[in-house]
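> One predicted model, sequence on top.
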Amino acid sequence: MKQDRHALQRLRRLERVREVAKQTAVMESAEAEGTLGQLVALRDRTRAIAASYRPPVAETDGGDLRRMRAFVEGVGRLTGQTEQDITAAQSRADALRGDLAAAQRRLSLASERTIRCRKALNAERPAETPARRSNWHET
């Protein structure tokens, strides 16, 4: 009986550790999703900036066109780098989602083991008889 109580205490500690691991995985996954969202917004803004720069029709010379083209190409390179960052962030977010799912499975297994152990302890405990009231006066 004492061993079972110690086992239950160990299982409760394990369950708390698994809960902390799950919370950590949730935080990391949320952070990765947030980073991914920021990168997607950055990519969209840089694309919009590059698309909005069109050479003016009047009063442009070769130097102006060259500077404009260099600027747009620079923004295009930024967009390409952001695409690579998005790919990396997406794979990291996917990996962290997998870690989160694994942490949830480990937590549920630990919780189930704790519940089974608690039920086994309760089953071993002798049934308590309810206190009976003595009727001294027999009325």
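That came in fine, so what should we check first? Numbering: from 1, shown residues only.
> can you give me the helices in the chain?
Listed from the start of the chain, the chain has helices (DSSP state H) covering 2-52, 62-124.
> I'd like a version of those in TSV, one that adds mean neighbour count and mean pLDDT as further columns.
Using the backbone N, CA and C atoms, a C-beta is placed for each residue, glycine as well. Output for the helices of the chain, formatted as TSV (neighbours: other CB atoms under 10 Å; pLDDT from 0 to 100):
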stretch	mean neighbour count	mean pLDDT
helix 2-52	14	90
helix 62-124	14	90
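> which residues sit in contact with residue 74?
By CB atoms under 8 Å, 6 or more residues apart in numbering, no residues touch residue 74.
> wait, residue 93 sits on residue 32?
Yes: with contacts counted by CB atoms under 8 Å, residue 93 reaches residue 32, the gap being 4.1 Å.
> How much space separates residue 116 from residue 110?
Distance, residue 116 to residue 110, using CB to CB, to the nearest Å: 11 Å.
> Cheers, nothing more for now.
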